[in-house]
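In: model this:
(one chain, ligands or ions: 2)
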Amino acid sequence: MTPSQKLKILSQGAEAIILKKGISIIKDRIKKSYRIKELDDKIRMRRTKSETKLLEKASQIIDAPIPSPDQRDSRAFQIKMPLIDGKKLSEHLDKFPLKKQKQICKQIGESIVKLHDSNIIHGDLTTSNMIYTPDKKDSMFTKRGDEKSATKAQSTMRSHKALTTSQRSASTKSDAKPLIPNKARVYFIDFGLGFISQRYEDKAVDLHLLKQALEAKHFKNWEILFNEVIKEYKNSKDSEKILKQFEKVEKRGRYKG
Ligand SMILES: Nc1ncnc2c1ncn2[C@@H]1O[C@H](COP(=O)(O)OP(=O)(O)OP(=O)(O)O)[C@@H](O)[C@H]1O
Ligand SMILES: [Mg+2]
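Out: Ligands and ions are numbered 1, 2, ... in the order given. This next block holds a predicted model:
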């Protein structure tokens, strides 16, 4: 086994263990011993399949890791996908200047519009499920070492042929040097609670969860940040009706106390 193939545990959640293997991630849905084996296998298999399908769809329209079609070394409970080598927004959003935070939230809004216009509900829109990759001019990455990480992020994407449509068009011009994206990107991960729906209610709840996440984790500027998302969201297909429903969801939340 070469060093790059060594498995390293990146994260261990209640549902899944995330392993890093070279430039790939393996999301392995773990056994639940309190369920009988047959049922547990069924549930884990169903959820893995559903998440893979959603990732396949989402990665065609927004920045999201493309699940590997190579099933040779992946099993029914695993998803293999490229490692997004960036900064988890839950830990880093607050470190940026406010202008950049707003820009990032605008990008988040753009991606939600695209998902919802395709009737994809993410189901867990928190900044823990978003990874930021820098652009060339990103001040946060001008320190030595961080430049390197920006380059690495890009080459990881390239070696996986995991370029989304927008990335592809940005990278066709010159292949001479390793390309650092011109545009900073926000990758959405973790579609484990996602589903397909055209209901306004489901889209409104998706927005509500994001609002709650910003309020809880990024409380200093959460109102400004959520406003950026909503400004973008107004470009979505049924935004007026969905935002009306969003108000109802909010009220319901308040009365629950
Ligand atoms: N493609 C990826 N590239 C980089 N890191 C990833 C990737 N997928 C997952 N991770 C890391 O693993 C963590 C957990 O992954 P994910 O959110 O998909 O699993 P989860 O079981 O739903 O975990 P949680 O309950 O913490 O949300 C992420 O927060 C992220 O740090
Ligand atoms: Mg997660």
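In: Who's the closest spatial neighbour of the residue of the stretch 101-250 of the chain found nearest ligand 1, skipping the chain neighbours?
Out: Going by CB to the nearest ligand atom, ligand 1 is nearest to Asp190 of the stretch 101-250 of the chain, at 3.3 Å. (C-beta placed from N, C-alpha, C; glycine too.) Spatial nearest neighbour of Asp190, excluding adjacent residues (CB to CB, 6 or more residues apart in numbering): Asn129 at 4.1 Å.
In: tell me which parts of the stretch 151-257 of the chain are close to ligand 2?
Out: Selection of the stretch 151-257 of the chain residues close to ligand 2 by CB under 5 Å from the ion yields Asp190.
In: And the lengthiest helix in the chain, what's buried?
Out: If you go by DSSP state H, the chain has its longest helix at helix 37-61. Neighbour-count burial for helix 37-61 flags 40, 44, 47-48, 50-52, 54-55, 57-59, 61 (criterion: 16 or more other CB atoms under 10 Å).
In: I'd like to know which residues of the chain are adjacent to ligand 1.
Out: Contacts of the chain with ligand 1, taken as CB under 6 Å from any ligand atom, map to 10-11, 13, 15-16, 18, 25, 27, 65, 81, 83-84, 88, 128-129, 131, 189-190, 192.
In: Now, of the residues you listed, which are buried?
Out: Taking 16+ other CB under 10 Å as the criterion, what is buried in the residues of the chain next to ligand 1 is 16, 18, 25, 27, 65, 81, 83-84, 88, 128-129, 131, 189-190, 192.
In: tell me which of the buried residues of helix 37-61 is nearest to ligand 2?
Out: Relative to ligand 2, the closest of those is Glu51; by CB to the ion it sits at 10.9 Å.
In: residue contacts, the residue nearest to Asp190?
Out: His122, Phe188, Ile189, Asp190 (CB atoms under 8 Å, 6 or more residues apart in numbering).
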